[in-house]
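Trainee: predicted model and sequence below, questions to follow.
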Number of protein chains: 2
Amino acid sequence: MRTSILEAAWQLVMQDGWQALSIRKIAEAIEYSVPVIYDHFANKEAILLELTKQGFQKLNKELVEAKNEFAGPEGQIEAMAYAYWRFAFEQTAYYQVMYGLGMPSCETVNQINELSTFSELILQPVRELIARGNHPETDPFLKLHTFWSMLHGLISINMMAGNEKKEELNQKVLQDFISGFISGMKG
Amino acid sequence: MRTSILEAAWQLVMQDGWQALSIRKIAEAIEYSVPVIYDHFANKEAILLELTKQGFQKLNKELVEAKNEFAGPEGQIEAMAYAYWRFAFEQTAYYQVMYGLGMPSCETVNQINELSTFSELILQPVRELIARGNHPETDPFLKLHTFWSMLHGLISINMMAGNEKKEELNQKVLQDFISGFISGMKG
DNA sequence: TTATATTCCCTAACAGTGTTAGCAAAGTTA
DNA sequence: TAACTTTGCTAACACTGTTAGGGAATATAA
């Protein structure tokens, strides 16, 4: 039941976007009455929270796979950046709910993203790169945060309405940033 | 009338956030009935659009002032970055509606932000810096976009729920990024 | 001055939202 | 058979954005 609610919700989101998602539509889709939904989820936000968790799991999977394709820190960082970018645009709905874009924000939802999976995965190659470079005193958290912010900013701006045509530019910006980021840590 | 509607709307937003803004509350605040609002604005989005425009005007003013305090491109870029950052956190409500954070997104609203004022202001010092540096073939649009994305990403992430304590870190990241950005263009 | 417009503003409703109280039927246990 | 638990429903509450239609006051025209 829980899963069929989540599946119905997800299908509705894929069809018409987050704005169109409502408890009544979910109820109709699973062919139950509205209060049944509330037997399995405290409220609408709890449903979004669950989908958000799914999103983070999927993103994490993509990042791990991308990382595992390379042995060295440069390759790993680059691959993860592209994987992150790809996830945002291939799984836009997930990215939106994960980062509160394009829908009423859910405070509890946003509390998850605490760097969470992302930081663990990327911190290690960043550390390695810094250690090998000419400025080993560099703060890896600082660099990690820069990396994540840049990625998220680029994606957010690219996702905004009216920016569809700039994807080309943004891809170049991404390339430029990644190479600059990596060479910047080497010193 | 138009202005008093906007003022009432703004006051409501400042009090209880974007989520709490409703046509009925605006009507109550200006002591008129609901349809009067629709004599002056096509719909709720039109009101948000107007407030968004106000936000961009204010931001632009801040950026111009910051820029005018310095003569050289380094100082100008740095000052504008800090002004942008300050605006986002001192005028959070404006920043949120301007960039569709923390509220139902309004597609028409987001179409404004096309870099708009920002690009004009920052492109010139970026060009100057590149021309003076060791890589004059560098694309200034690329750098401008990197700059803006980074700023926006940092701000977005900092604004997310649960990240209040990381402001310190993010300030450091901002400093680190600005200096890296400027020295990166010099070559 | 009277008749016609125009302007201004309201009540009431429509269609939708999240959420919940309370009830009825069905199944389970004693 | 009687009591209890589970399951699901109808109907409502309190909101949301939006609009149709009317009533009263004012301004214009005859």
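Mentor: Looks like it came in fine.
Trainee: for chain A, give me the ranges with low pLDDT.
Mentor: A:102-117, A:161-165 (pLDDT under 70).
Trainee: in it, which residue sits closest to DNA strand D?
Mentor: Of all residues in chain A, residue A:33 sits closest to DNA strand D, at 3.1 Å by Cβ to the nearest atom of the strand. To be clear about C-beta, it is placed using only N, CA and C from the backbone, and glycine gets the same treatment.
Trainee: close enough to count as contact, that residue and residue A:27?
Mentor: Yes: the pair residue A:33 and residue A:27 qualifies as a contact (Cβ atoms under 8 Å) at a distance of 6.0 Å.
Trainee: of the two, who's got more company?
Mentor: residue A:27 (18 against 10; other Cβ atoms under 10 Å in any protein chain shown).
Trainee: can you tell me what sits against the helix or strand harbouring that one?
Mentor: Residue A:27 is part of helix A:23-29, with elements assigned from DSSP states H and E. With Cβ atoms under 8 Å, 6 or more residues apart in numbering or on different chains as the test, helix A:23-29 has contacts from A:5, A:8-9, A:11-12, A:33-34, A:36-37, A:44, A:47.
Trainee: next helix or strand past that helix?
Mentor: Using DSSP H and E, the first helix or strand after helix A:23-29 is helix A:34-40.
Trainee: ok, then the element right after that following helix?
Mentor: According to DSSP H and E, the helix or strand after helix A:34-40 is helix A:44-68.
Trainee: any bit of that following helix sitting next to chain B?
Mentor: No: Helix A:44-68 lies out of reach of chain B by Cβ under 8 Å from any Cβ of the partner chain, never closer than 12.3 Å.
Trainee: which SSE is immediately downstream of that helix?
Mentor: Sequence order places helix A:73-90 as the next helix or strand after helix A:44-68, per DSSP H and E.
Trainee: that next one: how far from the chain's middle?
Mentor: 11 Å (Cα atoms, centre = their mean, to the nearest Å).
Trainee: which positions within the helix holding residue A:27 qualify as buried?
Mentor: Buried positions in helix A:23-29, judged by neighbour count with 16 or more other Cβ atoms under 10 Å in any protein chain shown: A:23, A:25-27.
Trainee: thinking again about what came up before, give me every residue that touches the residue of chain A closest to DNA strand D.
Mentor: Neighbours of residue A:33 in contact, by Cβ under 8 Å, 6+ apart: residue A:27.
Trainee: per-domain residue ranges of chain A.
Mentor: A:1-41, A:45-186 (automatic domain parsing).
Trainee: which residues touch stretch A:84-99?
Mentor: Against stretch A:84-99 from outside (Cβ under 8 Å, 6+ apart): A:10, A:13-14, A:17-18, A:48, A:51-52, A:54-56, A:58-59, A:62-63, A:101-103, A:109-110, A:112-113, A:118, A:151-152, A:154-156, A:158-159, A:174, B:156, B:160.
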